[in-house]
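K.L.:
I'll drop the sequence and a predicted model, then ask my questions.
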Amino acid sequence: MFRIEMLPAHHGDCLLLSYGEEARPRRILIDGGTPSSLPLLRKRLERIPAGERHFELLVITHIDDDHIGGVLKLLQQTDLGITWGDVWFNGWKHLIPQAPVPKLRGWLSARQGEDLSELLVRLDLPWNKAFDEATIVIPDSGPLPVLELPGKLRLTLLSPTRERLEKLDREWTDTLMRQGIIPGEAAAQARPTRRWLGGDIELAGYDLKTFRSDTSVANGSSIALLAEYEGRRCLLTGDAFAPVLAASLQRHPAFDERTGKLAVDATKLPHHGSSANISPDLLGLLSCGRYLISTNGDVFEHPDVEAVGRVITQGGSSAELFFNYRAETTRVWERASMQRRYGYRARYPDDADSGIVLDL
């Protein structure tokens, strides 16, 4: 089995990957959604038998609240008896590895990043063990880092680059950190409020070709992965930048130079379906029919019409869209007339508290 559960995470991400034997699968957790996502995440984890709550890996893609917030609360739920084979997270010491560790406490790192770093140390959890406790980063050239987890799940690192991590280091001032503000985030995500009125969306009225990249410093530091198991591939993007993902995909050994594409079985769209993270160039490099969008539309009203429009017009014929919420900003894509007109299919959870499951 190779299964992806896109759990309810409000406007964030929380992905549970299961692979191996159906009766006793191995597991990975990627992000934990917002702090308020914890009750439903805990409910899902409690369904795992008490003696089997071991995870091969926990990945915190970056320090935004809608990815790290739920993890912070989960790690304090020690009564669940969860064990972790490794935790992947770039703390501040990984952004500036030359700095002595004692100087990090209290003034370096974002507020939640500091809290998570403290938890990892206090709970004595393995931290970037697969990378010899060093920075999780892709090299500027040469092969991409490849790790194999127990049970033969292969993970290829696609993001972040050293440039993006250094940018986070340079731009994060002491004042902003004390306030818990991410430089550039508010401006990068601000947009006029959309009015989700009835009727079909006319994609001809939207600019699906012009791409303006995300500039959020935190998003640029996202850990992104390609997961492979028994010949199946899933692209797990966090909030990574489209140009970084596109460049890395072309470096993957399975990238077909003849067709100019990499075949994947499912893609978790970056940044909850933001038009600033889903470019025509990125979609053009993928041979993929299934796209996952994790958001309830809160805060930034994701997914953007332009992003979904690009997917259903440029992301391959008969694309399937998988949403973990039937919310105001997502159910607009449910209309049968829209699906017939643009030749895609939309999938939604049967149970609002359980998210959506995709077997690859």
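P.N.:
Looks like it came in fine. Numbers count the residues shown, from 1 in each chain.

K.L.:
ok, now which ones touch Pro139?
P.N.:
By C-beta atoms under 8 Å, 6 or more residues apart in numbering, the contact set of Pro139 is 145, 162. Heads up, the C-betas are built off the backbone N, CA and C, glycines and all.

K.L.:
Please report how far it lies from Ser213.
P.N.:
The gap separating Pro139 from Ser213 is 22 Å, by C-beta to C-beta, to the nearest Å.

K.L.:
Can you tell me what sits against stretch 77-89?
P.N.:
So stretch 77-89 is contacted by 38, 42, 45-46, 50, 53-60, 74, 116-117, 120, 123, 125-131, 136, 149-150, 223 (C-beta under 8 Å, 6+ apart).

K.L.:
So which bits of it are buried?
P.N.:
Buried residues in stretch 77-89, counted by 16 or more other C-beta atoms under 10 Å: 82, 84-89.

K.L.:
now the contacts of stretch 77-89: which count as buried?
P.N.:
For those, buried by 16+ other C-beta under 10 Å: 38, 45, 55-60, 74, 116-117, 120, 125-128, 130-131, 136, 149, 223.

K.L.:
So Leu360 sits against Val264, correct?
P.N.:
No. Taking contacts as C-beta atoms under 8 Å, Leu360 lies outside contact range of Val264: 9.6 Å.

K.L.:
So which of those two has more stuff around it?
P.N.:
Val264 (23 against 19; other C-beta atoms under 10 Å).

K.L.:
so what's the more buried one up against?
P.N.:
Applying C-beta under 8 Å, 6+ apart, we find Val264 in contact with 226, 233-235, 286-288.

K.L.:
Give me the buried entries from these.
P.N.:
Buried members of those, scored by 16+ other C-beta under 10 Å, are 226, 233-235, 286, 288.

K.L.:
taking those one by one, which sit in strands?
P.N.:
Those of these mapping onto strands are 226, 233-235, 286, per DSSP state E.

K.L.:
Return the distance of stretch 61-81 from the chain's centre.
P.N.:
15 Å (C-alpha atoms, centre = their mean, to the nearest Å).

K.L.:
from what I can see Leu95 touches Glu163, true?
P.N.:
No. In this structure, Leu95 is not within contact of Glu163 by C-beta under 8 Å, at 11.9 Å.

K.L.:
Which one's more surrounded, those two?
P.N.:
Taking other C-beta under 10 Å, Leu95 and Glu163 do not tie; Leu95 has more neighbours (24 against 11).

K.L.:
roughly how far apart are Pro139 and Leu245?
P.N.:
Distance from Pro139 to Leu245, by C-beta to C-beta: 16 Å.

K.L.:
Could you do Tyr19 as well?
P.N.:
For Tyr19, the distance to Leu245 - C-beta to C-beta - is 22 Å.

K.L.:
Compare these two (neighbour count), which wins?
P.N.:
A direct count of neighbours by other C-beta under 10 Å for Tyr19 and Leu245 places Leu245 higher, at 27 against 22.

K.L.:
Pretty sure the more buried one sits in a helix.
P.N.:
Yes. Secondary structure of Leu245 (DSSP: H, G, I helix; E, B strand; the rest coil): part of a helix.

K.L.:
Report the contact partners of it.
P.N.:
158-159, 224, 235, 237, 270, 282 are the contacts of Leu245 under C-beta under 8 Å, 6+ apart.

K.L.:
switch the cut-off to 6 Å
P.N.:
Neighbouring residues of Leu245 by C-beta atoms under 6 Å, 6 or more residues apart in numbering: 158, 282.

K.L.:
Alright, I will stop here.
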